[in-house]
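Chemist: When you get a sec, could you give me coordinates for this:
(one chain, ligands or ions: 2)
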Amino acid sequence: MLRDTPTTIYLKDYQPPEYLIDQVELSFELGETETRVRSTLHIRENPASEQASGTLFLHGEQLELVSLLLDGKPLESDEYQLDDEGLTIYKIPAQCLLESEVRILPQNNTALEGLYKSGGMFCTQCEAEGFRKITWFLDRPDVMSRFTTTITADRQRYPVLLSNGNPVNHTELAEGRHQITWQDPFPKPAYLFALVAGDLRSIEDSHTTPSGREVALKIYVEPENIEKCDHAMASLKHAMRWDEQCYGREYDLDIYMIVAVNDFNMGAMENKGLNIFNSKYVLASPETATDRDFQGIESVIAHEYFHNWTGNRITCRDWFQLSLKEGLTVFRDQEFSADMGSRGVKRIEDVRLLRAHQFAEDASPMAHPVRPDSYMEINNFYTVTVYEKGAEVVRMQANLLGRDLYRKATDLYFERFDGQAVTTDDFVQCMADASGRDFSQFKRWYSQAGTPELNISSAYDAGQQTYTLTIEQHCPATPGQADKAPFLIPLAMGLLDSDGHEMPLTLADETDAVAGTRMLEVSERRQPFIFTDIKEQPVPALLRGFSAPVKVHYGYGDEELMFLMANEQDGFCRWDAAQTLAQRILLARVESPEAEVPAGFIAAFENALADTGSDKALLCEVLTLPSEGYLGDQMKEVDVEGIHRSRESLKKRLALALKARFLKVYRENSLEGPYVPDAASISRRSLKNLALSYLMQLEDADVEQLCIDQFNAGDNMTDVLSALSLMADRESSAGEQLLEQFYQQWQNDPLVMDKWFTLQALSKRPDTLDRVKALMRHPAFSIANPNKVRALIGAFCSANATGFHAADGSGYQFLGDRVLELDGLNPQVASRMVRIMARWQRYDSQRQQMMKAQLERILKTEGVSRDVFEIASKSLEQ
Ligand code: BES
Ligand code: ZN
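Modeler: Ligands and ions are numbered 1, 2, ... in the order given. Alright, predicted model coming up:
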């Protein structure tokens, strides 16, 4: 069978719905062999729609029809039509009741979209378009309905039955079954519907809102995990308080529930009143979770909670507007984490992620605007561009307005659009209305793809005492967008004098000097900024706080970069100077491996290590060399082996030169006493483990013993895992033994097993691919579990560059095989995997040919999913 080419959906074709569904009653009969879903839809014509055609199309997939009644009468076979995508009813009255019953098979649902079983529990995932696998519906976000949900199930297997809103009724039934009804008073789009049934335990707490309402907080998990929920609960309470204080938003139902499930395509989902989480983002204990895991839980819990206002109360008109909720909510969770921990470090981590993944996406065939113009499969557009660049675009607006006006603008947004499904333009209009500023040029950030580049040059005129920065912007072509109009770019900057002090800044047409950071608004293709009364040649600090998602090119000398590392006040700029310098050295050593490491660079590292007074978390960032992936992005053609060799050898060179320093740092940052995941202890642990990773480059027996001792003594997963992953890089029996020891200890903890898989997949050993293949047959592995797939296959293909890009193409063949295997089970996961090959153009011609061959093979395969088809075909388009 030849598949049809999937159709492309365009933003320009948006039409409001012809019909609305004000209310829906759902009834689920959950069973082991089948589930019955009965639904009653209260339908009426949409007064806002121009042509009500009299024909109603409802989305529905993989539903088996049991019965269908319109206003109480069974529909005759010529009154409707069923196909793969839904149900068409001819001659629909202007107002009516549609009752249906369908049969679905959640136990066979491996795509994990719609209603499915995870372990012994039923759960749902409806965003973006999963509700249509549960019943027929107008499955689009601009149709908002009040939901009442009744769940009937075996009482023993499924004592806990949950849905959105408030429980209104519980009945014991015959044959050991029971029934609960839930009512959600808030109209919502179907993608926010959720249902959970299982044998779950919960912890409970409560939160009182500023208006005095008490909210019950519950976290549901499988019985064996009940001890691992406290951090998630504490994070939720912090998030609720933060949203009240920073955005004036309080929660609106009497109960807020979180459920952890083991099989989940994404990280977590913000279903109204009933968030469903990948267990990875709920469960934590010091013995089983790393510092990163603790931080990840805090931010994902907050993110989903924040969606209650930015996503649920105000939702998206259509899926092109996805960044309306995701970009804004990511910005909110970033700021929350910054307030909970170290602001400077959080910013660096976010920039690192953006540069490594979003800049790469923007430079690839998959580049698309924050508000895309078209898609084949919406699940493919939950991207770093929509999320991370979307967050940067909101951040720029917040910075352009300043704190008070930004708050005024978001207040206006919540007031104006509460209960509605809106667009990113609506959001920006609130920024404009609250500030009186014109945002029309700014809006290009939503419609134009690609990362703008700034070429900046400077000229100092000692006679006139002026300093001119000339800024040129351009944005590379992206698919479908050859030429771009100039962006409005907020560029935060300062000038440092020779003592490292901030110069007072006056632009040529101004009278008052402003000390410290200035926000230049770059709006033209070429634009000079002239500063007056500049007494000496300054060193410019550019893009402070990473004030815009752009690439800055300025011809700094090495000396100037070291000067910034030592003197600049902005944490981002200081870090960026160190990264730029390290990048220069690393790339030079790719070309000529024997090139000297400048003494100044080693001295700068030494000074940084010696500065005991400085922020340890920031120090860690400064001492972390740019990643292999990021370095590759800076080359014309990625030299996988060369980059790896260069980075390893520079680490070794630094370790040799600074061994005593690293050892001192290692010792001084060892912690006594019980594990606490607070900012101070986290930064000490990361500094200690960073020192260990440098020291391990020395292949010194004493250091190796230190590492083994750390593994054996560690009372926390952060230290244990750091030590173990360093040992797993070696082809030694000691490493093997520790891996086995770790497995014996943790084989019954799936989240810890994920870590065990990942560190083996990332091993620098030459036989890693064979080991990965063998691990796929390990009893702890399962191809049906997305966490396992990401931990083993995903980690190898996306983060083990030397292994995956092996010159013989074995890594590509492996990924091609896995994509096809996964596509039959779970297209969303398969599609995320195939993306790894979308950047084939960045490699040498032999690797290009081999990657293309895999993409072509995937495309030629019969029955390949729309998800995988879209990525593979767009990757090959040139
Ligand atoms: N709404 C999404 C979850 C989602 C995405 C469901 C795509 C279905 C398809 C949720 O709010 C989200 O963004 N989750 C992120 C984590 C977050 C902290 C960025 C995720 O799951 O990765
Ligand atoms: Zn989200």
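Chemist: Over to the single nearest residue of the stretch 1-150 of the chain relative to ligand 1: give its phi and psi.
Modeler: Closest to ligand 1 within the stretch 1-150 of the chain is Glu127: 3.7 Å, counting by C-beta to the nearest ligand atom. (Each C-beta comes from the backbone N, C-alpha and C, glycine too.) Note on Glu127: backbone dihedrals following degrees, to the nearest 10 are phi -70, psi 140.
Chemist: and the nearest residue to it once chain neighbours are set aside, how many neighbours does it have?
Modeler: Leaving aside its chain neighbours, Glu127 sits nearest to Tyr191 (4.2 Å; criterion: C-beta to C-beta, 6 or more residues apart in numbering). The number of residues packed around Tyr191, counting by other C-beta atoms under 10 Å, is 23.
Chemist: sorry, back to before: count the neighbours of the residue of the stretch 1-150 of the chain closest to ligand 1 for me.
Modeler: Summarising burial for Glu127: neighbours were counted as other C-beta under 10 Å, giving 25.
Chemist: What parts of the stretch 151-300 of the chain come near ligand 1?
Modeler: On the criterion C-beta under 6 Å from any ligand atom, ligand 1 has as its neighbours in the stretch 151-300 of the chain the residues 266-270, 299-300.
Chemist: Of the residues you listed, which is the nearest to Ser649?
Modeler: Comparing those against Ser649 with C-beta to C-beta places Ser299 closest, at 35.2 Å.
Chemist: does the closest one count as helix, strand or coil?
Modeler: In the three-state summary, Ser299 is assigned as helix, counting by DSSP: H, G, I helix; E, B strand; the rest coil.
Chemist: How many residues are close by it?
Modeler: Residues contacting Ser299 under the criterion other C-beta under 10 Å number 21.
Chemist: Tell me how far it lies from ligand 2.
Modeler: 11 Å (C-beta to the ion, to the nearest Å).
Chemist: Let me see the contact set for that residue.
Modeler: Taking C-beta atoms under 8 Å, 6 or more residues apart in numbering, we find Ser299 in contact with 333-334, 336-337.
Chemist: so of the residues you listed, which ones are in helices?
Modeler: Among the contacts of Ser299, the subset assigned to helices under DSSP state H consists of 333-334, 336-337.
Chemist: Now narrow those residues to whatever sits close to ligand 1.
Modeler: Applying C-beta under 6 Å from any ligand atom, the subset of those adjacent to ligand 1 comprises Asp333.
Chemist: After the longest helix belonging to the chain, which helix or strand is next?
Modeler: For the chain, the helix with the greatest residue count under DSSP H is helix 571-591. Toward the C-terminal end, the helix or strand that comes next after helix 571-591 (DSSP states H and E) is helix 599-610.
Chemist: Which strands or helices does the least confident helix or strand in the chain by mean pLDDT pack on?
Modeler: Least confident helix or strand, the chain: strand 514-515 with a mean of 80, by mean pLDDT, DSSP states H and E. Packed against strand 514-515, as judged by 3 or more C-beta pairs under 8 Å, 6 or more residues apart in numbering; DSSP states H and E, are the following elements: strand 504-505.
Chemist: And the strand it packs on, how far out from the chain middle?
Modeler: Computed by C-alpha atoms, centre = their mean, to the nearest Å, the chain-centroid distance of strand 504-505 equals 39 Å.
Chemist: Tell me the residues of the protein that contact ligand 2?
Modeler: 326, 329 (C-beta under 5 Å from the ion).
Chemist: Give me every residue in the chain lying close to ligand 1.
Modeler: Proximity of the chain to ligand 1 is confined to 127-128, 266-270, 299-300, 303-304, 307, 326, 330, 333, 382, 387 under the rule C-beta under 6 Å from any ligand atom.
Chemist: Identify the residues contacting Val422.
Modeler: For Val422, the contacting residues are 314-317, 321, 324, by C-beta under 8 Å, 6+ apart.
Chemist: Next one, pLDDT for it please.
Modeler: Note on Val422: pLDDT of 99.
Chemist: And it, how far from ligand 1?
Modeler: In this structure, Val422 lies at 17 Å from ligand 1, with C-beta to the nearest ligand atom, to the nearest Å as the measure.
Chemist: Can you name every helix or strand that the strand or helix carrying Gln813 contacts?
Modeler: Element membership of Gln813, judged by DSSP H and E, is helix 810-823. Helices and strands in packing contact with helix 810-823 are listed as helix 768-776, helix 795-799, helix 801-804, helix 827-834, helix 845-860, helix 866-876; criterion 3+ C-beta pairs under 8 Å, 6+ apart.
Chemist: thinking again about what came up before, pick out the most distant pair among the residues of the stretch 151-300 of the chain next to ligand 1.
Modeler: Spatial extent of those (C-beta to C-beta) is set by the pair Met269 and Ser299 at 15.2 Å.
Chemist: circling back to that earlier point, quick check: the farthest pair among the contacts of Ser299?
Modeler: The widest separation within the contacts of Ser299 (C-beta to C-beta) is 7.2 Å, between Gln334 and Phe336.
Chemist: so Met696 sits right up against Asp702, yeah?
Modeler: No: judged on C-beta atoms under 8 Å, Met696 makes no contact with Asp702 at a distance of 11.3 Å.
Chemist: Between those two, point out the one with more neighbours.
Modeler: The residue with the greater number of neighbours, taking Met696 and Asp702 and applying other C-beta under 10 Å, is Met696; the counts read 23 against 10.
Chemist: what's near enough to touch that one?
Modeler: Neighbour list for Met696: 703-704, 707, 726, 729 [criterion: C-beta under 8 Å, 6+ apart].
Chemist: do the same with Tyr387
Modeler: Contacts of Tyr387 were listed using C-beta under 8 Å, 6+ apart, and they are 323, 326-327, 330.
Chemist: Looking at those residues, which are in helices?
Modeler: Secondary structure defined by DSSP H assigns 323, 326-327, 330 of the contacts of Tyr387 to helices.
Chemist: Indicate the residue of the stretch 51-200 of the chain located nearest to ligand 2.
Modeler: Residue of the stretch 51-200 of the chain nearest ligand 2, by C-beta to the ion: Glu127 (8.8 Å).
Chemist: what's Arg832 in contact with, if anything?
Modeler: Under the criterion of C-beta under 8 Å, 6+ apart, the neighbours of Arg832 are Gly794.
Chemist: for Leu739, same thing?
Modeler: For Leu739, the residues meeting the contact criterion (C-beta under 8 Å, 6+ apart) are 724, 727-728, 756, 760.
Chemist: Recalculate using a threshold of 10 Å.
Modeler: With contacts defined as C-beta atoms under 10 Å, 6 or more residues apart in numbering, the neighbours of Leu739 are 724, 727-728, 756, 759-760, 763.
Chemist: Between which two of the residues you listed is the distance greatest?
Modeler: In the contacts of Leu739, the most distant members under the criterion C-beta to C-beta are Met727 and Trp756, with 12.6 Å between them.
Chemist: which residues do those two both contact?
Modeler: When contacts are counted by C-beta under 10 Å, 6+ apart, Met727 and Trp756 are jointly contacted by 739, 742.
Chemist: Run the chain-centre distance for the least confident helix or strand of the chain.
Modeler: The gap between the average C-alpha position of strand 514-515 and the chain average comes to 37 Å, counting by C-alpha atoms, centre = their mean.
Chemist: Could you check how many residues crowd around Ala657?
Modeler: When neighbours are defined as other C-beta under 10 Å, Ala657 has 16 of them.
Chemist: Name the nearest residue to it, sequence neighbours excluded.
Modeler: The spatially closest residue to Ala657, leaving aside those adjacent along the chain, is Ile602, at 5.1 Å (C-beta to C-beta, 6+ apart).
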